[in-house]
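S.K.: Build the 3D model from these lines:
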Amino acid sequence: LAMTTAFADTNTTAPSTTTPATAATPATLNTDIDKLSYSIGADLGKNFKKQGIEISPSAMAKGLQDGMSGSQLLLTEDQMKDVLSKFQKDLMAKRNAEFTKKAEENKSKGEAFLSQNKSKEGVVTLPSGLQYKIIEKGNGAKPTKDDTVTVEYTGRLIDGQVFDSTDKTGKPATFKVSQVIPGWTEALQLMPAGSVWEVYVPASLAYGPRSVGGPIGTQR
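M.R.: Numbering: from 1, shown residues only. So this is what the prediction gives:
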């Protein structure tokens with residue numbers, strides 16, 4: 001069996017909201033400690049920017065200096081605990097809002113794609129919402145849910161981005177029909193051995209609202 005799978009969604013990336021910090025006078029990195037200190041700071045800065053976390057580099061440097069020197073801190077332990085707790089709650093709320101927004105966008109785009117795709121020549125739409133197009137007809141037996149199959153496949157998002165493919169390993173994949181996403185399980189049982197199909201899988205038959213990371217994301 002050979003399958004070219006198109007998942008009904010698109011990849012979106014939320015813009016960073018990090019406010020650029022005012023550039024400080026470049027330090028001279030003469031010692032290993034200087035280089036280590038700078039590397040740690042640069043790594044933290046890149047991570048904060050990537051996550052959209054806004055901080056004050058000067059205040060952070062002051063806190064680091066006071067904490068390491070044992071100087072009188074500008075906030076009490078309880079105050080810092082409250083600040084960090086609020087930060088965690090706000091960050092979680094922001095992440096959840098971004099997740100929900102992206103999921104809704106992907107779901108809407110996926111539904112629009114399937115709605116247009118179903119009218120294309122050769123595309124068959126099943127009651128479940130799964131769509132497929134036969135590229136090459138196979139003459140072998142159709143597998144059952146309990147069978148193990150060997151397939152070659154390429155998985156793409158609806159924008160054409162490839163997120164997985166047996167081409168990467170140079171060899172087919174072998175798995176049990178019941179141990180893949182529902183859309184594949186349904187399609188595989190309809191495909192005679194030797195078939196080549198394009199299968200268009202709605203989010204509800206793929207990964208749904210859960211995020212699997214990478215380009216697939218959520219509602220794909």
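S.K.: Export the longest strand along the chain to PDB, keeping only CA atoms.
M.R.: For the chain, the strand reaching the highest residue count under DSSP state E is reported as strand 148-157. Taking C-alpha atoms only, strand 148-157 is exported to PDB below (Å, rounded to 0.1, in the frame of the first residue of the first chain):
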ATOM      1  CA  THR A 148      -0.400  -5.400  10.100                       C
ATOM      2  CA  VAL A 149       0.400  -3.500   7.000                       C
ATOM      3  CA  THR A 150       3.500  -2.200   5.300                       C
ATOM      4  CA  VAL A 151       3.100   1.200   3.600                       C
ATOM      5  CA  GLU A 152       5.000   4.000   1.900                       C
ATOM      6  CA  TYR A 153       3.600   7.400   2.700                       C
ATOM      7  CA  THR A 154       4.100  11.200   2.700                       C
ATOM      8  CA  GLY A 155       2.100  13.300   5.200                       C
ATOM      9  CA  ARG A 156       1.400  16.900   4.200                       C
ATOM     10  CA  LEU A 157      -0.500  19.800   5.700                       C
END
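S.K.: So for it, what gets flagged as buried?
M.R.: By neighbour count on 16 or more other Cβ atoms under 10 Å, the buried set for strand 148-157 is 149, 151, 153-157. C-beta coordinates here come from the backbone N, C-alpha and C atoms, glycine included.
S.K.: quick check: angle from the longest helix seen in the chain to strand 148-157?
M.R.: The residue-count maximum for a helix in the chain (DSSP state H) belongs to helix 77-117. Taking axes from the mean of the first three to the mean of the last three Cα atoms, to 10 degrees, one finds helix 77-117 and strand 148-157 inclined to each other by 100 degrees.
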